[in-house]
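**Student:** fold the following.
(chains A and B)
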Amino acid sequence: MKMQMSKTAKFFLYLFLIVVTFFTLLPLLYTLSASFKSNMEIMSGHTNLIPNYAKYPLTARGSDVLNPMANFAEVWGMSGSGLQGTTDFADYTINSLKVATLSVLITVTFTAMSAYCFQRGRFPGKTFLYYFFMATMFIGAGSITVFPILRITTKVGMNTWWGLSIVLSATGGVSNLFLTIGYLKTIPKDLDESAKIDGCTFFSTWWRVILPLSIPILGTIALMTFRGTWNTWMLPRLMLASDQTATTLVVAIVNLANSGGSGASQYNLMMAGSMLSMAPMLIMFLIMNETFVEGITQGSVKG
Amino acid sequence: MGTKGVLCSVVPKEDKGGFSVAEGKTKVKKARSGEKPGAVELIQSYLMVAGTVLGVVIFVAIPLGWVLRWFMSKYKGYGKIKYVGFDNFKRLFDMSKSALYWQSIRNTFVFAIGKLLVEIPLALVTAFILTRKIKFRNFFRAMYFMPSMISVAIMGVVFTYLFSHQSGVVNNIIRQFGGKGVEWFSGKTSAMLMLMIASIWQNFGLNMLFFMTGLQSIDPAMYEAATVDGASNTRQFFSITIPLLGPVLQMVLMNAILGSLKVTDLVLTFTNGRPNGGTEVMMTYVYKLFFDSASAMDYGFGAATTAFTALILGIVTIFYLKSTKKSANVY
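**Tutor:** Residues are numbered from 1 along each chain as shown, chains lettered A, B, ... in the order given. Model prediction:
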């Protein structure tokens, strides 16, 4: 598609795009910048992005040596309650990884199977189950059900990282199922037929024919689920509250911000913490930008 | 396989046994008429679908029922559960007693409408520009989408810093240009505006991506024909792009509306209802009835508001599905 444009039109077009880029980038850049500044410099009211270490040196607590990583080191050495000299943040990171990985496995497995059933299956109650699934998800998701979920999981001892993974997968939303069903529609029915003639059952048709063919969409769902569970806040905050080291990175960092470090707002530490949790996602995105961008819209539009 | 293969691949027109909400019933029947599924197939189907269904029953349906059973009771989380009939609903519909709840409903809709009025056109315009062959297209696309990668809760923390009165970046920039710093968190309008900005910042890139896929599926020949007929770019946009984008537009709108009505984490970690309930939304109000300090806890009234909030969401969803009827085909 080519658009015939005058030079002025083109100028305004790019100006618009650049302005919008500033809008999206500035918050991230200032977060990054603040995580390398001393709190003194942040409070000084300057708008420079590059830290001015000559005027506001950043040093580790009780030291005179300039250390640009001091904020990160301080956050990493904090416990959930702000005390120094622990490895709690390493625990939080591992927790986040564990929760996200297990959620990906559960979500992908069950979405792949149920989407196949809804798209190819022929069993009584299919329509009912499908509507039931949609209706419940649309109404029930969100904070409405958080309280009872917390009660139920605590009662049966599921307020652990694996319990959280199961809950997150179960409440993950309808879009995964929609996406996979949409994708399965594009796989020709002839394949099922010939598998059947070769003696495949309903399950083995899926296992040998459909599953290998749906790897691309399942990869997308894995990526999206990883992003979602890594970023999630409310459920881990409530479900993993029993033990100080049990929670996830995002929860720990929001707690850090709420407690404000030690008294006054320590924006440098808040932003360093935020960078710690954002960085893995942003790096993953910058490396796999195409996969993400294509994946997220995959199957969203058909014909 | 790339997106192209998925998005543009030819979907067989006679999609026997396929599933769509609009015509689900007739199609299922059609497929069944061929041959009856055997016992093995039935058992396998039920087993394979069981995991997902059980998950939804245990962690969505039962919790809903669990909380709703209190809606006719007075229960503070301890002591006896007392049956009070419709007292909770009387309190709910008594504007003087539950003014904050009604305010939160109003806030929710103000937030949703206000932000979508900017977010959707912005997403549409950027998508329209970026589907053209222009330089740095992929760069712009990546930059606009990047905020979607960040945790909503962390975003609340980041924006708390950006908008803080004394040392926030926004006020610093305003002061740099000779203005006076705004006390963002203390004004109702400014606090709401802040929430909207944060939400638009995070979400418009995602909606843009959906629009871009929709736009790419429009046959370029349409535009060529229109150009030959002498239609201007603006005319083409309103006469070709918008109508053909219909289904995608509907899907994006539904996701965006429901998403904004359910906004929770952002409000809790960002304004947390400041000032004085001025940015309290439906979900955070309900949430606080269950989780706030012991004095505010009220499970009975919480259950009643949950029921009513679920009803609002249900009505919006049904209204939406009725008015479009095609959402399942779009997905």
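**Student:** low-scoring stretches of the stretch 101-250 of chain A, by residue?
**Tutor:** The stretch 101-250 of chain A contains residues with pLDDT under 70 at A:139-142.
**Student:** so B:N88 lies in a strand, does it not?
**Tutor:** No - if the criterion is DSSP: H, G, I helix; E, B strand; the rest coil, then B:N88 is helix and not within a strand.
**Student:** quick one: it and B:A304 touch, right?
**Tutor:** Yes - counting by C-beta atoms under 8 Å, B:A304 is a contact partner of B:N88 at 3.6 Å. Glycine gets a C-beta too; all of them are placed from N, C-alpha and C.
**Student:** residues from the stretch 201-331 of chain B in reach of chain A?
**Tutor:** B:201, B:205-206, B:209-210, B:212-214, B:217, B:220, B:223, B:233, B:247-248, B:251, B:258, B:262, B:264-265, B:268-269, B:283-284, B:286-287, B:290-291, B:302, B:306, B:309-310, B:313-314, B:317, B:328-331 (C-beta under 8 Å from any C-beta of the partner chain).
**Student:** and those, which are buried?
**Tutor:** B:201, B:205-206, B:209-210, B:212-214, B:217, B:223, B:247-248, B:251, B:258, B:262, B:264-265, B:268-269, B:283-284, B:286-287, B:290-291, B:302, B:306, B:309-310, B:313, B:317, B:328-331 (16 or more other C-beta atoms under 10 Å in any protein chain shown).
**Student:** please, where are all the strands along the chain?
**Tutor:** No chain specified, so I'll use chain A. Remark: no strands are assigned in chain A by DSSP state E.
**Student:** to clarify, I was referring to chain B.
**Tutor:** B:73-74, B:82-83.
**Student:** to chain A, which of these lies closest?
**Tutor:** strand B:73-74 (14.5 Å; C-beta to the nearest C-beta).
**Student:** and the closest one, what does it pack onto?
**Tutor:** strand B:82-83, helix B:87-93, helix B:299-324 (3 or more C-beta pairs under 8 Å, 6 or more residues apart in numbering or on different chains; DSSP states H and E).
**Student:** now that strand, how far from the chain's geometric center?
**Tutor:** 32 Å (C-alpha atoms, centre = their mean, to the nearest Å).
**Student:** which other residues reach that strand?
**Tutor:** B:81-84, B:87-88, B:299-300, B:303 (C-beta atoms under 8 Å, 6 or more residues apart in numbering or on different chains).
**Student:** now that strand: mean pLDDT?
**Tutor:** Per-residue pLDDT values across strand B:73-74 average out to 78.
**Student:** what pairs with it, and is each one parallel or antiparallel?
**Tutor:** strand B:82-83 (antiparallel) (DSSP bridges).
**Student:** contacts for the strand it pairs with, please.
**Tutor:** B:72-75.
**Student:** could you do stretch A:131-145 as well?
**Tutor:** A:171, A:173-174, A:177, A:234, B:21, B:52-53, B:56, B:59-61, B:63-64, B:67, B:258, B:262, B:264, B:283-284, B:286-287, B:306, B:309-310, B:313-314, B:317.
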